[in-house]
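Participant: mind folding the following:
(2 chains)
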Amino acid sequence: MKNLRLKFLILLAAVGLSAGARAAETVKVGVLHSLSGTMAISETSLKDVLLFTFDEVNKAGGIQVGGSKYMIEPVVVDPASNWPLFAEKARQLLEKDKVSVVFGCWTSVSRKSVLPVFEQLNGLLFYPVQYEGEELSKNIFYTAEAVNQQAVPAVDYMLAEGKKKFYLLGSDYVYPRTTNKILKQYLRSKGIPESDLVEIYTPFGHTDYQTIVAAIKQFSAGGKACVISTLNGDTNVPFFKEFANAGLTSENCPVVSFSISEDEFRGLPAKDLVGHLGCWTYFMSIKTPENAKFVGDFMGWLKDPKVTGVDYKVSGVDPKGRVTCSPMNLSRMGVYLWKQAVEKAGSFEVDKVRTALIGQKFKGPAGEVTMQENHHLVNNVFIGETLASGQFKIIKSFTGVAGEPFSSKFLK
Amino acid sequence: MLFSRRQRYSRPWTWHWLIAAACCLGAPLCRGADAVPAAAPDTATVDARARARLAEAIVADELDLQLQVLRELGGSGADPLIGQTLTAWRGGAVYLFETNGTRTPVLLDTQTDSEGRARAIRVADGALLAGGDGQGLLFTANDLTSADASSKLRRAIKTALDLFGVANPNPKMRRDAVVKLGQEQNADYLPHLEARLKIETEAEVHRALQEAIAVTRLLSDDAATREAAIVELGALRSITSLVFLKQLLTQAEGDAAKYGPATIKALRRSVWEIENYLWWGNLFGTAFRGLSLSAVLLVAAIGLAITFGLMGVINMAHGEIIMVGAYTAYVTQNLFASWFGKGGLGIELYFLAALAVSFVVAGAVGLVLERGVIRFLYRRPLESLLATWGVSLVLQQLFRHIFGAANVQVTSPSWLSGSLVIHDVLLAYNRIFVIAFAFAIVAGTYLLLTRTSLGLQIRAVMQNRAMASALGVRTDRVNMLTFALGSGLAGMAGACLSQIGNVGPSLGQNYIVDCFMVVVLGGVGNLVGTVSAALGVGVTDQILQPWLGAVLGKIVVLGAIILFLQWRPAGLFATRSRNLEG
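Facilitator: A predicted model of the protein is given here:
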């Protein structure tokens, strides 16, 4: 009896030791998000959710390749909202740290900046933020919403609601301009005359929306008007304040914003935004067991952030008032899709993983996603109405919308 | 009190019991005394019947029946439960409870228990759904199937709700509802609108009703009615109807035989009248907006006009001192909210306190900055540029550290929200406040500089430091106080700007360029120059914006300023400043 117990203990110790020995095997993964500068507001959350996901994967046994387990070891760099620095940091991740994959970038300009680096060094990048399309690199996988997964469904919804006049308002950079160009073409094809389409841009950090709001007020005086907003980040505050002060509401002229998710909402005047619309492939308010687990686990993790199984120090995580949002969900999806592809390919080699990624499916918080040959996802799209709590109430959903980066393919 | 509350809030849980209790108490009384008028039970039966019909329609899968019932409901609408049901139905929140093959439409109460379950309220009679044991049943939204509403049905529901809106006790909501109905140009609404017009007492709603009726009548087949409507809309200067008038005009011009020259003439005249009215409205609107932008620029720049203009310190941290003021307003707001509660007088008045507090706090920061950094650099303006820029980066990062990278929310008190509408020109209250504040701050600064001994000393030191010192002025102390004053003004500007823009660590950077632009353009060291420059830049920007757009407008203004400074490098009002000349 005693002997047996001893044997059992020895066995246990051996298993523990071998597990310990195995855990030493790690795979380096790059995180390329701005942690300082203007974009830090948005991108810090993505860094957090990526570290959380690495912890999740490691806790569940890591990545299984060729019979051995690999723990994800994050390499976090800070490109500081500086576009050329993005390219430099990307090069550093690929050449010096030799990471197997990079998760990162928020703005399109940062993605454009790192693209040549990834193509030259044959790296692998997962990009999680809604963007304007018209791009396809063999080294980038876009888990983000393409225009036909966000802007087009939103406009379709407004058309179905009987809206006939569209005021396209955006910040002055590549994403709004390209999106609006596509949208205008799309709306024209739906029979909206040129006179009922207005396209206006404001600079970054613009604070004076008086003239624009006065123009919207007149534009919407005859009814059936809506605003399609691609205003970025904090210019939304003066815009919505002015909008509400002018007596415009979601009832007489709804605003559909493509850049406001739950995370951005934290810095916006809640009462001025109630009833306006958002369109994403994920909302925190989605009621699925997967989402409940994701949100619950993430909130728990924020209180005690760590990455299991590797020697990595997590710092700078603020657990106060946190939410989840679409880019965060898509960042996490990216990690899982990559993990599955690596396990299927049985290798971390970029070329093999790339082939294995096509057709990968994953059941996420907002339903199942599938990676297509065009490096974009098939995903569910939701339209939500803003509540005073900063959450969205889903009022319409489209299932299985296939992402298509090139507008020429979905505009007829 | 209870009654008005019942109408305003949808709290089915409380008021239904109250009504039930009232009925129980009231019923025997009614029976006892026949003389009591039976008005109340009457509406109750009407409502009950309407509710029963509605419940029937929800369960039925026939679109025609559903639309029919909705049309019937259109006229009534005293019962809040019906309104609530319709809103819920449109949003997919009416649920079907199935027992023994019968389906009962229910609403879920807004109050949920810890597991997210809520009590179900029967649409037909407003009673709570109870199980076999008499206990209230609890559901989550996922337990029940929701009653579908196609987009056509949803639109019909919206129409019915809009008609309810015409009877809404809140005049603003009533007005919105009327405007929407007018835009539908649906002759079915006319009787409802006309009936309301007779009893409407609010001037604004009355006008909206007139407009809505006239707009609807534009489609009338009767030429005289149509023409009268056209003339009326012109006389009303109805901007809402401009689109419809123009539409009709294009039609009439295409089919002159049908409409006749008189109609076309009337149409042209009305369109002209409204467009003329709009032109004037836009003119005054632009003037107001220009003034308000000027006021914003002036408020932001006045502190710099002192620290840079008078003292000659190239103060790159000016923007961050504005930011300090804005964050002070945020902290004051939070303190007031925790002292006096989230609603009520505390939040209404915090802003006035915030202005004072931010003056003191930013002034103190300025004082420390002057004592710690700037006083060593008075003779080296370029180094003060670098040093203050460094300070600005430190302050930004410090605030990012304390308050987080995200913007913080500063709520406007209700007296600063909304706008005054005069002849369709919008004058937002917060903008009016900024204009008044700009006046006050300029007047205050002017009086301080010209009528107080501190002002005299400031001017003396700025004009000739050595001489002032020789005459016994403590120049060091005056420098310190002047810089603190300039910073304090910047702090107040921050509190003020928190009502208009956003409050975040990068707030200062958004304003710093504009501030320097205004001060340099006005002529360094001249308050009148700063005021004129702010006015010039603000008004020009607002005039250009509708034509060129915000981006190009800004570029043109900047280009114009550069050209102007080539022509007059010292700015609008050149003052000799010894500090800058060496």
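Participant: the stretch 101-250 of chain B: strands as residue ranges?
Facilitator: Counting by DSSP state E, counting those that start in this stretch, the stretch 101-250 of chain B has strands at residues B:102-112, B:118-122, B:138-139, B:145-146.
Participant: please save the CA atoms from stretch B:98-114 in CSV.
Facilitator: What follows is stretch B:98-114 as a C-alpha-only set of coordinates in CSV (Å, rounded to 0.1, in the frame of the first residue of the first chain):
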residue,chain,number,x,y,z
GLU,B,98,-47.4,29.7,-25.2
THR,B,99,-49.6,27.5,-23.1
ASN,B,100,-52.0,24.8,-24.4
GLY,B,101,-51.7,26.0,-27.9
THR,B,102,-52.7,29.6,-27.2
ARG,B,103,-50.3,32.3,-27.5
THR,B,104,-50.4,35.3,-25.3
PRO,B,105,-48.4,38.4,-26.1
VAL,B,106,-46.5,39.8,-23.2
LEU,B,107,-44.0,42.5,-22.4
LEU,B,108,-41.1,42.0,-20.0
ASP,B,109,-40.8,44.4,-17.1
THR,B,110,-37.8,46.6,-17.1
GLN,B,111,-36.8,45.6,-13.6
THR,B,112,-35.0,42.3,-13.6
ASP,B,113,-33.8,40.1,-10.8
SER,B,114,-30.2,39.0,-10.3
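Participant: who's in contact with it?
Facilitator: B:10-13, B:55, B:58-59, B:84-85, B:88, B:93-97, B:118-124, B:129, B:138-141, B:144-145, B:147 (Cβ atoms under 8 Å, 6 or more residues apart in numbering or on different chains). Placement of C-beta: from N, CA and C, glycine included.
Participant: show me the domain layout of chain A.
Facilitator: A:2-145+A:287-376, A:147-284+A:381-410 (automatic domain parsing).
Participant: in TSV, list the strands of the stretch 101-250 of chain B along with mean pLDDT and mean neighbour count.
Facilitator: Shown next, in TSV, are those (pLDDT from 0 to 100; neighbours: other Cβ atoms under 10 Å in any protein chain shown):
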stretch	mean pLDDT	mean neighbour count
strand B:102-112	76	18
strand B:118-122	79	21
strand B:138-139	76	18
strand B:145-146	74	14
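Participant: tell me which of the ones you listed sits nearest to B:Ala300.
Facilitator: B:Ala300 lies closest to strand B:102-112 among the strands of the stretch 101-250 of chain B, at 44.0 Å (Cβ to Cβ).
Participant: ok, now how distant is the spatially most central residue of chain B from B:Arg431?
Facilitator: Of all residues in chain B, the one closest to the mean position by Cα atoms, centre = their mean is B:Gly418, 4.9 Å from it. Going from B:Gly418 to B:Arg431 by Cβ to Cβ, to the nearest Å gives 11 Å.
Participant: try B:Leu70
Facilitator: Distance of B:Leu70 to B:Arg431, computed by Cβ to Cβ: 42 Å.
Participant: B:Ala295 now?
Facilitator: For B:Ala295 relative to B:Arg431 (Cβ to Cβ), the value is 8 Å.
Participant: tell me, how many residues neighbour residue 360?
Facilitator: Here I'm looking at chain A. For A:Gln360, the count of nearby residues is 19 (other Cβ atoms under 10 Å in any protein chain shown).
Participant: wait, chain B was what I had in mind.
Facilitator: For B:Val360, the neighbour count with other Cβ under 10 Å is 14.
Participant: which ones are touching the residue nearest to the centre of chain B?
Facilitator: B:Gly418 touches A:Asn245, A:Gly247, B:Ala428, B:Tyr429, counting by Cβ under 8 Å, 6+ apart.
Participant: need the per-residue pLDDT for the spatially most central residue of chain A.
Facilitator: Residue closest to the mean C-alpha point of chain A, counted by Cα atoms, centre = their mean, is A:Pro327 at 1.8 Å. In this model, A:Pro327 is scored at 95, pLDDT.
Participant: contact partners for A:Val198?
Facilitator: Taking Cβ under 8 Å, 6+ apart, we find A:Val198 in contact with A:Phe166, A:Tyr167, A:Leu168, A:Ala215, A:Phe219.
Participant: and chain B, which of these reach it?
Facilitator: A:Ala215 (Cβ under 8 Å from any Cβ of the partner chain).
Participant: which two from the contacts of A:Val198 end up farthest apart in space?
Facilitator: For the contacts of A:Val198, and using Cβ to Cβ, no pair is farther apart than A:Phe166 and A:Ala215, which are 13.5 Å apart.
Participant: more crowded one of those two?
Facilitator: In this view A:Phe166 and A:Ala215 are compared by other Cβ under 10 Å, and A:Phe166 has more residues nearby, 25 against 19.
Participant: how about the nearest residue to the more buried one, chain neighbours excluded?
Facilitator: Excluding the flanking residues, the one nearest A:Phe166 by Cβ to Cβ, 6 or more residues apart in numbering or on different chains is A:Leu197, at 5.4 Å.
Participant: just B:Tyr429 next, same as before
Facilitator: Closest residue to B:Tyr429 apart from its sequence neighbours, by Cβ to Cβ, 6+ apart: B:Leu416 at 5.3 Å.
Participant: quick check, the one you found in contact with B:Phe433.
Facilitator: Yes - the criterion here is Cβ atoms under 8 Å, and B:Leu416 meets it with B:Phe433 at 5.9 Å.
Participant: so what's in contact with these two at the same time?
Facilitator: In contact with both B:Leu416 and B:Phe433: B:Gln499, using Cβ under 8 Å, 6+ apart.
Participant: just to revisit the earlier point, confidence score at the residue nearest to B:Tyr429?
Facilitator: With respect to pLDDT, B:Leu416 scores 85.
Participant: how far away is it from B:Leu377?
Facilitator: The value you get for B:Leu416 to B:Leu377, if Cβ to Cβ is used, is 39 Å.
Participant: and the closest residue in space to B:Val410 that isn't next to it in sequence, how far from B:Gly522?
Facilitator: Taking Cβ to Cβ, 6+ apart, and ignoring the residues beside it in sequence, B:Val410 has B:Ser498 as its nearest neighbour in space, at 4.3 Å. Applying Cβ to Cβ, the value for B:Ser498 to B:Gly522 is 25 Å.
Participant: equivalent analysis for B:Pro381, please.
Facilitator: With Cβ to Cβ as the criterion, B:Pro381 and B:Gly522 are 19 Å apart.
Participant: out of these two, which sits in the busier spot?
Facilitator: Applying other Cβ under 10 Å to B:Pro381 and B:Gly522 shows that B:Gly522 carries more neighbours, namely 28 against 15.
Participant: now A:Lys271: closest residue in space, sequence neighbours ignored.
Facilitator: A:Ala388 (6.3 Å).
Participant: can you pull the pLDDT of that neighbour?
Facilitator: If you check A:Ala388, the pLDDT there is 81.
Participant: again, but for B:Trp272
Facilitator: pLDDT recorded at B:Trp272 is 91.
Participant: host element of it?
Facilitator: Assigned by DSSP states H and E, B:Trp272 belongs to helix B:256-304.
Participant: may I see the buried residues of whichever helix or strand comes after that helix?
Facilitator: On the C-terminal side of helix B:256-304, the closest following helix or strand by DSSP H and E is helix B:318-340. Buried residues in helix B:318-340, counted by 16 or more other Cβ atoms under 10 Å in any protein chain shown: B:318-333, B:336-337.
Participant: what's stretch B:472-481 in contact with?
Facilitator: For stretch B:472-481, the surrounding residues in contact (Cβ under 8 Å, 6+ apart) are B:311, B:367, B:370-371, B:375, B:378, B:454, B:457-458, B:460-461, B:465, B:468-469.
Participant: pLDDT weak spots in the chain?
Facilitator: In the absence of a named chain, chain A is used. Applying pLDDT under 70 to chain A flags residues A:1-24, A:412.
Participant: oops, I was thinking of chain B
Facilitator: B:1-44, B:74-79, B:110-116, B:132-134, B:141, B:151, B:342-343, B:575-582.
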